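J.: sharing a sequence plus its predicted fold:
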Amino acid sequence: MKLFDLVRVVCFSLLIPFNSDAQSSRGYEKWTSEVRNKGSGKHDLVFHVKIEKGWHLFYYKSGEGMSELPGITFKKNEDVVLDGELERYSVKGSTSGKGEVDEYEYIQKIKVKRKTNVRAEVAYQLNQRDMCTAPIRVNFEFDVVE
């Protein structure tokens, strides 16, 4: 194998997606989550992400094109009803040890019948100028207590 081919293989292998709970293994972003109890069985599931400055989160859905919202799939749960569409909010003035970051909250409103566990998978990609990561999937688990 030629040196150039070896370098290409090593660089490409760095783009292979990894699963992780609440944090990507790439280090360009960090995810956290929380449940906000709104009372009367209503809750907000909050997906919070900090992204290094210069990187942008997007999601490509076949037939629909690109979106600034990640693709979020919730595991079926008879005790949970999604209440509206996923919402995106910017969090301003953020910094980290690496300098400026962009922060976003993605909020899904839900209604629950009783104490339950909600599982979700977030799918997205990151890009910076002409560089793009492979698809990334991160799993979340929320304990919803009334």
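T.: Done, it's in.
J.: which residue ranges form the helices in this protein?
T.: If you assign secondary structure with DSSP state H, the helices in the chain sit at 3-13.
J.: show me which helix or strand of it is least confident by mean pLDDT.
T.: Across the helices and strands of the chain, the lowest-confidence element by mean pLDDT, DSSP states H and E is strand 19-21, at a mean of 36.
J.: quick check: phi and psi on residue 54?
T.: According to degrees, to the nearest 10, the main-chain angles of residue 54 amount to phi 100, psi -20.
J.: now it: how far from residue 29?
T.: In this view, residue 54 and residue 29 are 12 Å apart by C-beta to C-beta, to the nearest Å. In short, each C-beta sits where N, CA and C put it, glycine included.
J.: of those two, which one has the most company?
T.: The residue with the greater number of neighbours, taking residue 54 and residue 29 and applying other C-beta atoms under 10 Å, is residue 29; the counts read 22 against 13.
J.: report the separation between the spatially most central residue of the chain and residue 34.
T.: For the chain, the residue nearest the mean C-alpha position is residue 122 (4.6 Å; C-alpha atoms, centre = their mean). Going from residue 122 to residue 34 by C-beta to C-beta gives 14 Å.
J.: now swap in residue 42 and tell me
T.: With the distance defined as C-beta to C-beta, residue 42 ends up 15 Å from residue 34.
J.: more neighbours, those two?
T.: residue 42 (14 against 11).
J.: pull the number of nearby residues for the nearest residue to that one once chain neighbours are set aside.
T.: Among residues not flanking residue 42 along the chain, residue 111 sits closest, at 5.7 Å (C-beta to C-beta, 6 or more residues apart in numbering). Burial of residue 111, expressed as a neighbour count using other C-beta under 10 Å, amounts to 14.
J.: same check on residue 63?
T.: Applying the criterion other C-beta under 10 Å, we find 4 residues in the vicinity of residue 63.
J.: pLDDT weak spots in this protein?
T.: Residue ranges of the chain with pLDDT under 70: 1-26, 92-101.
J.: spit out the contact partners of the closest residue to residue 113 other than its chain neighbours.
T.: Once flanking residues are discounted, residue 113 sits nearest to residue 79: 4.6 Å by C-beta to C-beta, 6+ apart. The neighbours of residue 79, taking C-beta atoms under 8 Å, 6 or more residues apart in numbering as the test, are 112-114, 116.
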